[in-house]
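J.: okay, here's the prediction I keep looking at, along with the sequence it came from:
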Amino acid sequence: MRNSSRVALFHNRSIALMKRFNNGEEYYVFPGGGIENDEDPKETAIREAKEELGVEIKVNDLIHVEHWNGLHHFYTAHILGGEFGTGLGEEFSSSKRGLYQPIWYEIDLLSEIDLRPKSMLTKLQSINKNSHP
């Protein structure tokens, strides 16, 4: 059981996701990862965004906590700098964990993919609707 921290980064009407190919499955997860021993969940979100996406972020609001094999914190955030898609985290160099691909995905099409966790779908659609009238 490991706690994690993940980010919901918005750009126009899209959100940053990690497209995963693992054990013959294709699915999508939020950028982020495990919280280190003495790390704050917000610090984890910042570190993981740099490792996985290649961007510096400012963490905003905690929007969800998922209870499943640990606590998974989901924050909204925005990009301060860096170049999306240039992350160099360990997940990109190890084929035993499957393939990872950072992508922008249109929020209105999220219901058509295997998004994990599913509980985030309505939260994201609500946030996007309220921020883009």
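T.: Structure's in. What do you need?
J.: and for the nearest residue to Lys19 once chain neighbours are set aside, the neighbour number?
T.: Counting by Cβ to Cβ, 6 or more residues apart in numbering, the nearest residue to Lys19 once its immediate chain neighbours are dropped is Gln101, at 4.3 Å. For every residue, glycine as well, the C-beta is placed using N, CA and C. Neighbours of Gln101 under the rule other Cβ atoms under 10 Å: 12.
J.: Gln101 and Leu17, how far apart?
T.: Distance, Gln101 to Leu17, using Cβ to Cβ, to the nearest Å: 9 Å.
J.: what do you get for Trp104?
T.: Per Cβ to Cβ, Trp104 is found 8 Å from Leu17.
J.: more crowded one of those two?
T.: Taking other Cβ under 10 Å, Trp104 and Leu17 do not tie; Leu17 has more neighbours (22 against 16).
J.: in a helix, that's where that one is, yeah?
T.: No: secondary structure of Leu17 (DSSP: H, G, I helix; E, B strand; the rest coil): strand, not part of a helix.
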